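[1] output the structure for:
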Amino acid sequence: MEAEKSDVFKESLLSDATDGKLNSFNDNVSNVTCMNDIDSCVDELSNILDGVASPLFKRNLSANSYKNDYVDNKWYTSECEEKRLSLYNALNMYRSNKSEVNRLDMVCKRLQYKACIRKARLNYDRSETQKLLDSRKKNAKLYWKMLKGAAGVKDANISLDTFEKYFRSVNNPEDRFFTPDDDILYFMERYENNEFNIMFEELNVPFTNSDIITAIKQLKNNKSGGLDLYLNEFFKNGKDVIVQYVLPLFNKIYDIGYFPTVWSEGYVISLHKKGSINDANNYRRITLLSTLV
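    Here you go, the predicted structure:
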């Protein structure tokens, strides 16, 4: 986080408007009685921090905001570019007003863009294949040039559906790809033997101010956020304000014994390990969870 933005972020946290929202949040936390109340408070805190951070860090997307990985490909057409611009316009609309109508429009534009890309690539591949077949007998020089060009390393050609099915399978005990995790087996055995009190006795105490400060000091910069888009820098630069509001929330979660649903969700990122980049079995996954957890 840049020094100038860090100072503005701190000032925004200390503003009267934000202070009023945080005090209201604290009141709501103190009145929590059930799991739904916990989820509502987590969402409320997320909205407050988003309101402080968005003016500093959120940007509208333009045609050049993100690298276009396709534009340099020969198969990329003007129609593809039009669909891409249409998608980013729809995404900007959704970011400014997260209504269901705007969300559906964004999803529709994204599907149209992806479909256009697939069609353009398919048509180009068909054309190149036919050119290769024709040159085999008519133009030997072109034929070997095309073969050499085809030997280059290409991007992985694995659909999201394929990744989803594979990652689900490795977590399904009834699937042939499933591999039991020793730590989970040990944990489940302790649970079935009612040994949790022995395992977690030292952790079975309320959170303290120093616990949270110590945890924040251990956070590293330039790490990805989860679904709530919290960055470690938010807590490191705003700890003097944030801790006094996060502490009651954590202890209320501890008292009720409920882990917020949203903290169990995250972005799944695929990392190639070895072998063919077009085989989902050669990837491992990491999940980006909320940095607040």
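[2] and for S12, the neighbour number?
    Applying other Cβ atoms under 10 Å, we find 18 residues neighbouring S12. Bear in mind the C-beta positions are built from the backbone N, C-alpha and C, glycine included.
[3] quick one: the closest residue to S40 other than its chain neighbours and A90, what's the gap?
    Counting by Cβ to Cβ, 6 or more residues apart in numbering, S40 lies nearest to N28, which is 7.3 Å off, once chain neighbours are set aside. Distance, N28 to A90, using Cβ to Cβ, to the nearest Å: 34 Å.
[4] out of those two, which sits in the busier spot?
    A90 (21 against 16).
[5] I'd like the next helix or strand past the helix or strand harbouring that one.
    Here A90 sits within helix 78-96, counting by DSSP states H and E. Once the chain leaves helix 78-96, the next helix or strand it forms, by DSSP H and E, is helix 100-138.
[6] mean confidence for that next one?
    For helix 100-138, mean pLDDT rounds to 85.
[7] buried sites along that helix?
    Using 16 or more other Cβ atoms under 10 Å as the test for burial, helix 100-138 gives N102, D105, M106, K109, R110, Y113, C116, I117, A120, R121, S135.
[8] farthest pair within those?
    Using Cβ to Cβ, the pair of the buried residues of helix 100-138 lying farthest apart is N102 and S135, separated by 48.9 Å.
[9] and the helices in this protein?
    Secondary structure of the chain, counting by DSSP state H: helices at 3-14, 16-30, 35-57, 78-96, 100-138, 140-150, 160-169, 182-192, 196-199, 209-217, 232-256.
[10] now do the buried residues in the fourth one.
    Just to be clear, that refers to helix 78-96. Neighbour-count burial for helix 78-96 [16+ other Cβ under 10 Å]: 80-81, 83-84, 86-94.
[11] now it, how far from the centre of its chain.
    Put simply, helix 78-96 sits 20 Å off its chain's centre (Cα atoms, centre = their mean, to the nearest Å).
[12] next: the third one.
    Helix 35-57 has its average C-alpha position 17 Å from the chain's average C-alpha position, going by Cα atoms, centre = their mean.
[13] now N47: how far from Q244?
    Counting by Cβ to Cβ, the gap from N47 to Q244 is 18 Å.
[14] reformat the helices of the chain as JSON lines; add distance to T287.
    Below are these laid out as JSON lines (distance: least, Cβ to Cβ, whole Å):
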{"stretch": "helix 3-14", "distance to T287": "27"}
{"stretch": "helix 16-30", "distance to T287": "27"}
{"stretch": "helix 35-57", "distance to T287": "18"}
{"stretch": "helix 78-96", "distance to T287": "24"}
{"stretch": "helix 100-138", "distance to T287": "22"}
{"stretch": "helix 140-150", "distance to T287": "36"}
{"stretch": "helix 160-169", "distance to T287": "10"}
{"stretch": "helix 182-192", "distance to T287": "15"}
{"stretch": "helix 196-199", "distance to T287": "24"}
{"stretch": "helix 209-217", "distance to T287": "19"}
{"stretch": "helix 232-256", "distance to T287": "17"}
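[15] so which helix or strand of the protein has the lowest pLDDT on average?
    Lowest by mean pLDDT, DSSP states H and E among the helices and strands of the chain is helix 196-199, with a mean of 64.
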